[in-house]
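K.L.:
fold the following for me, if possible:
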Amino acid sequence: MSVRSIEQNGILALALLPSALLLAIKPAVPARAGAVVIGGAGLLGLHAVLSLNGRLGFLALALALLPLLPVVWQSRQHWPKSLTAAGFGGIVLIGAVIGRHPSVQRLLAGGFCDERFGIYSGFLQQLAHGLWGGHRITFSTFLCDGTTPYGFGGGVERPLTMVRAVVLDIYNDAGFLPVVLLLSALIPALASIVRGFWNLSARGTWDWQWSVRWSWFVVLLTQWLFQPLLYGDGLLYYLSYLFLGLLAAEFALVYRKGNSEPQPQSTLSA
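P.N.:
Model prediction:
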């Protein structure tokens with residue numbers, strides 16, 4: 001396995017932590033045992049993300065937590081005070097540990113700067129030069145310090161060859177036509193998936209199984225947007241099509257049966 005594959009596994013494990021929380025509040029022993037297993041894997045994922053400077057892991061975790069906010073707010077009166085205090089204390093403890101980690105200190109010192117955005121900006125300004133692919137786009141930019149130059153494409157100093165975004169990397173390789181065809185297939189499915197998740201969260205009908213699905217979705221989303229999946233980890237790239245197709249089909253099946261909203265059992269009322 002490559003280092004980046006290990007990082008991706010760590011990001012996925014970290015994003016599953018909300019599922020562990022939803023399992024932990026269930027009274028059944030198997031559910032709580034599952035919460036311990038998933039929580040332990042999530043902490044190992046946190047260690048991998050911190051050790052490998054995997055900043056995308058924190059973005060994936062933040063997105064994975066978002067659907068819980070309406071659920072927690074709607075059920076706040078039913079939460080035991082002891083569980084609320086323990087959860088708040090755990091968040092503070094984990095935040096304190098993370099805040100002292102050297103990787104986080106470097107991130108804070110850099111003002112959350114990421115060189116990806118300089119690459120995206122330069123690449124998008126040169127799109128017209130790469131309509132037919134063939135790695136014809138070249139430009140120069142700087143690292144986050146603003147003084148260290150590096151370039152993209154051939155014939156420039158310290159060249160980079162990947163944009164680190166799946167769609168833009170495909171554009172750089174093969175031009176606009178494959179990108180248009182790919183987006184034409186993906187956008188309707190993505191719209192249906194996001195709509196389904198939004199309905200579940202807004203209605204408060206969110207359980208650990210939907211949380212697992214959402215965690216996978218946000219990990220794939222962040223990797224597609226900020227990593228060259230096509231080249232760095234082909235297995236996850238290929239599986240992403242399978243997962244998105246299954247998820248879109250699941251929501252489509254629910255709507256086709258005449259239900260206006262998906263209706264899974266609420267974990268918090270179980």
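K.L.:
quick check, pLDDT for Val92.
P.N.:
Here the pLDDT value assigned to Val92 is 71.
K.L.:
and for Asp169?
P.N.:
For Asp169, the model assigns a pLDDT of 92.
K.L.:
thought it was touching Pro228?
P.N.:
Yes: using C-beta atoms under 8 Å, Asp169 is in contact with Pro228, at 5.0 Å. Placement of C-beta: from N, CA and C, glycine included.
K.L.:
between those two, which contacts overlap?
P.N.:
Applying C-beta atoms under 8 Å, 6 or more residues apart in numbering, one finds that Asp169 and Pro228 are jointly contacted by 162-163.
K.L.:
show me where pLDDT drops low in the stretch 151-270 of the chain?
P.N.:
Counting by pLDDT under 70, the ranges of the stretch 151-270 of the chain that qualify are 154-158, 230-232, 257-270.
K.L.:
ranges for the strands of it?
P.N.:
Using DSSP state E, counting those that start in this stretch, the strands found in the stretch 151-270 of the chain span residues 159-160.
K.L.:
would you map the helices across it?
P.N.:
Assignment of helices within the stretch 151-270 of the chain using DSSP state H, counting those that start in this stretch yields the ranges 166-174, 176-203, 208-226, 229-232, 234-256.
K.L.:
how about those in JSON lines, adding mean neighbour count?
P.N.:
Formatted as JSON lines, the helices of the stretch 151-270 of the chain follow (neighbours: other C-beta atoms under 10 Å):
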{"stretch": "helix 166-174", "mean neighbour count": "20"}
{"stretch": "helix 176-203", "mean neighbour count": "15"}
{"stretch": "helix 208-226", "mean neighbour count": "21"}
{"stretch": "helix 229-232", "mean neighbour count": "18"}
{"stretch": "helix 234-256", "mean neighbour count": "14"}
